[in-house]
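Chemist: Sequence first, then the predicted structure:
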Amino acid sequence: MAKLDRSLLKNWRKSWLKSCAVFGAALTLSLPLSFALSGCDDKDSSQSDQTISKPTDDHSVAVPAPSAGTEDRNVSFLQLLGGAPVPPMRTSAGDYLAGQHAQMIYDWNKASELFEGLLVNNPDDQELQKRVMGLALGGGNFDRAVNMARIVANKAPKEALAQIILSLNDFKNGHYEQARKNMAALPKDGLGTIQPLVIAWCDAAMGKLNLEGLKDSPTFLYQSVMIADYMNDKTAIHNLAIRYDFTKIPTPISALENIADIFVRYGEYKRAREIYEALKQVMPARMMELGVKIESLAEAEKSADKNQDKSPTKNQVKNQAKSQPLAQSMMKVTPQIGLAEALRDTGGLLANEFVETAILFTQLSRLLDPKNPDALQLLAQFSTRAERYRDAINYLSMINPDNLDLDEMARNRRQIAALLEMDGQKDEAVRVLEDLVASQKNVDAQIQIGDLYRADKHFDDALKAYNKAEDLLGGKVSEKNWELLFARGMTYEQLSKMDAAEKDLLGALAFEPDQPYVLNYLGYSWLTRGVNLDKAADMIEKAARLKPDDGAIADSLGWVYFKTGKYDQAVKQLEQAVELQPYEAEINDHLGDAYWKVGRKKEARYQWLRAANLEKDADKAKNILEKQENGLKE
């Protein structure tokens, strides 16, 4: 059975990053600072996206969070928009400073508008023109980006970003020969990766199969299959299938299933099966659909074996199609969509480490395919990272619901609701979720309503929402919805309804006995109430083994040691907890208590003072300061 080679995928990612570094260097000619891609090296770049989501609520909608250290690795986009800083114009100092600020907070469309206004008094300032062009592209104002690209290219024909924008605009409008000509004329040292891709799709759009340039470009080799499929070239598909094992060469996972579907369509069943089997190992969420595809191959393979030396009859072709409904349902990509997908894939690849560059690649993709759901999703993630929640909402709202199935549409609405909550529009968030519950009886949306109320400490409303979710499930919570029991159990605990809380929390553990957050929550609840201490200690110790890098769980274990008189162990454990979550008031408070017990009283008072400064609850802060003044009561 084929196995997806993750190390090769990791190496591919590095390779693509390096290739994009070359692309970024070319763009630097037109934008003043490099795209920060010069920082690409051989270090492991495989870290997955981080998300902001309650670890206790698996049903909650995850919203991407900034990657650690991103700001240090990114070169300011301000620098990459001109060879030298653009001096503020005395007559337009306000607009200049406002544009600078808008750029820094990722309001690039506003920034491009403000900087464009400065061109009225400085119409020949090429660095300012380049800045307007780049920011307009990043902000999704394609008309302004294209118009400015024409002005820039007129004065600097080899200006890379301007020519790329103009080439893609020509491509979108069906002027393939001109688009190809523009791309072919660019300096090859900077566009060695994207140039063969664009040229190959230009040729395909003009009826010519040209895969030579992609042959030596592993980062885009998978696009050869898409192009050959568009050209209906069975021989090319066969040659690609026998020459390359796409589970062993650098191919984006998102593209592998499409490649397998194409192989099925052209009778390359062995390669298709290998890819489906490999994907099953790394995509558990799609295991059922992939299993159906694998089963559908059996009849087609049998038919192919029986008729090896015969041309298939019309009935055989018809039956073969029926046996492969999922593969046959995949639509062929057009040149415009194919090229857009490749550019979007590049944006996704760079998303963790080079956000500004990733935004530009994603917007280049949208220049060709403005309503692509995946590109809009990606841009919503970038906006969320920059805490531009309304921009993120706008991007998600642009996704055409006709392009989504019911589950995808529900996820879209729930993401919008989560962003509305982040933006402080909590009533509107509830309205969006309630509409989803009314139209689809969506249980996850109803649970999200409860989560929203619980986060605001409106526990009575949260409990009503969770009970309604249980009603939607027919009054019985199954293993699939164990997190409802966890959320409601936490709510009961906050309402001091301990019997009901324990029932729900134990019910959640019955479904998920190794869920560290449930173990920690129930164990810590017992510990603070002084009941079931042995069980509480066992639960928290198990949670700490399962999740050793979680500060809250490390704190709970430290508090177990404190409560059982093991103060030296408590200090060691609580110091680790503070390292993991240095700005959590309760953990700092606990460490102060432990320091006091082992005689480190100066450190205890310092820790309590720190805890009081971090504590948002005035009454709790007052109690901590009383300890800081008088020490612990023995």
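Modeler: Cool, the structure landed. What you see is a predicted model; the values in this text were computed from it and never measured.
Chemist: quick one: the host helix or strand of residue 98 to chain centroid distance?
Modeler: Assessed by DSSP states H and E, residue 98 sits inside helix 93-104. Relative to the chain's own centre, helix 93-104 is displaced by 29 Å; criterion: Cα atoms, centre = their mean, to the nearest Å.
Chemist: tell me the strands in the protein, going along the chain?
Modeler: 51-52, 63-64 (DSSP state E).
Chemist: lowest-confidence stretch among those strands?
Modeler: Ranked by mean pLDDT, those bottom out at strand 51-52, with a mean of 34.
Chemist: Which secondary structure element of this structure has the lowest mean pLDDT?
Modeler: strand 51-52 (a mean of 34; mean pLDDT, DSSP states H and E).
Chemist: Can you mark which positions in stretch 562-570 are buried?
Modeler: By neighbour count with 16 or more other Cβ atoms under 10 Å, stretch 562-570 contains the buried residues 562, 567, 569-570. Placement of C-beta: from N, CA and C, glycine included.
Chemist: actually stretch 517-534, not the one I wrote
Modeler: Here stretch 517-534 shows 517-527, 532 as buried, counting by 16+ other Cβ under 10 Å.
Chemist: quick one: the helices in the stretch 51-200 of the chain?
Modeler: For the stretch 51-200 of the chain, applying DSSP state H, counting those that start in this stretch gives helices covering 70-73, 93-104, 108-118, 126-138, 142-155, 160-172, 176-184, 194-205.
Chemist: Tabulate the ones you listed (TSV), appending mean neighbour count, mean pLDDT and distance to residue 230.
Modeler: TSV is the format used below for the helices of the stretch 51-200 of the chain (neighbours: other Cβ atoms under 10 Å; pLDDT from 0 to 100; distance: least, Cβ to Cβ, whole Å):
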stretch	mean neighbour count	mean pLDDT	distance to residue 230
helix 70-73	12	41	37
helix 93-104	17	89	39
helix 108-118	22	92	33
helix 126-138	26	94	27
helix 142-155	19	95	25
helix 160-172	24	94	14
helix 176-184	19	94	13
helix 194-205	24	93	6
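Chemist: export those helices to JSON lines and tack on distance to residue 625?
Modeler: Converted to JSON lines, the helices of the stretch 51-200 of the chain look like this (distance: least, Cβ to Cβ, whole Å):
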{"stretch": "helix 70-73", "distance to residue 625": "35"}
{"stretch": "helix 93-104", "distance to residue 625": "38"}
{"stretch": "helix 108-118", "distance to residue 625": "45"}
{"stretch": "helix 126-138", "distance to residue 625": "48"}
{"stretch": "helix 142-155", "distance to residue 625": "56"}
{"stretch": "helix 160-172", "distance to residue 625": "57"}
{"stretch": "helix 176-184", "distance to residue 625": "67"}
{"stretch": "helix 194-205", "distance to residue 625": "60"}
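Chemist: Among those, single out whichever gets nearest to residue 252.
Modeler: Within the helices of the stretch 51-200 of the chain, the stretch nearest residue 252 is helix 194-205; the backing value is 13.4 Å (Cβ to Cβ).
Chemist: Now do the closest one: which elements does it pack against?
Modeler: helix 160-172, helix 176-184, helix 212-215, helix 222-230, helix 335-349 (3 or more Cβ pairs under 8 Å, 6 or more residues apart in numbering; DSSP states H and E).
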